[in-house]
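[1] When you get a sec, could you give me coordinates for this:
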Amino acid sequence: MFRFFAAFLLFTVSGCASEEPRGTVTGKVLINGVPLSEGTIYFENQTKGVALTGQIKPDGSFKLASHQGAGLIVGSYQVAISPEAMLMSADEIPLVGKNPRKPNDVKKSPLPEKYYKTSTSELSAEIKEGANPPIVFDLKN
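    Okay, the predicted model is just below:
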């Protein structure tokens, strides 16, 4: 009986533990005022050990969401942008050896290499709880 009570108490306490506050993250990536038409954006908070990526759409827009649909944990983030697109959805991945998707030629990208890593991009964002205004990164090359 004690084991049952202990297990019930543990389940109740863990079920009541609230998740850290989160904020929505949307925005746009531009290069000299022109939308970056493809790529991946990375938000990283090393202090909290949290990172999330999002696909940059043809109009330069992005939206970050976890597997549960929530945004990022509140805090300060270093940001990096890669010209490489995220992996395709499971529906679009070709079978091995059957017309594999060719990687982007990153040398042809207008995105300067310094933006590829959070340690060199000098890009950052502060995420607050709830709805955040869209973040616009207008990069210069």
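
[2] What ranges does the protein have for its strands?
    Ranges of strands within the chain are 22-23, 25-31, 34-35, 39-45, 50-56, 61-64, 72-73, 75-82, 123-127, 135-139, based on DSSP state E.

[3] Now render the ones you listed as JSON lines, adding mean neighbour count, distance to residue 109 and mean pLDDT.
    The way it works is simple: take the backbone N, C-alpha and C, and place the C-beta from them, glycine included. Shown next, in JSON lines, are these (neighbours: other Cβ atoms under 10 Å; distance: least, Cβ to Cβ, whole Å; pLDDT from 0 to 100):
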{"stretch": "strand 22-23", "mean neighbour count": "18", "distance to residue 109": "29", "mean pLDDT": "92"}
{"stretch": "strand 25-31", "mean neighbour count": "19", "distance to residue 109": "9", "mean pLDDT": "96"}
{"stretch": "strand 34-35", "mean neighbour count": "13", "distance to residue 109": "13", "mean pLDDT": "96"}
{"stretch": "strand 39-45", "mean neighbour count": "21", "distance to residue 109": "8", "mean pLDDT": "94"}
{"stretch": "strand 50-56", "mean neighbour count": "17", "distance to residue 109": "11", "mean pLDDT": "91"}
{"stretch": "strand 61-64", "mean neighbour count": "19", "distance to residue 109": "16", "mean pLDDT": "94"}
{"stretch": "strand 72-73", "mean neighbour count": "21", "distance to residue 109": "26", "mean pLDDT": "92"}
{"stretch": "strand 75-82", "mean neighbour count": "20", "distance to residue 109": "9", "mean pLDDT": "96"}
{"stretch": "strand 123-127", "mean neighbour count": "17", "distance to residue 109": "16", "mean pLDDT": "97"}
{"stretch": "strand 135-139", "mean neighbour count": "16", "distance to residue 109": "11", "mean pLDDT": "97"}
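
[4] Nearest to residue 117, out of those?
    strand 75-82 (5.4 Å; Cβ to Cβ).

[5] angle of the closest one against strand 123-127?
    140 degrees (axes from the mean of the first three to the mean of the last three Cα atoms, to 10 degrees).
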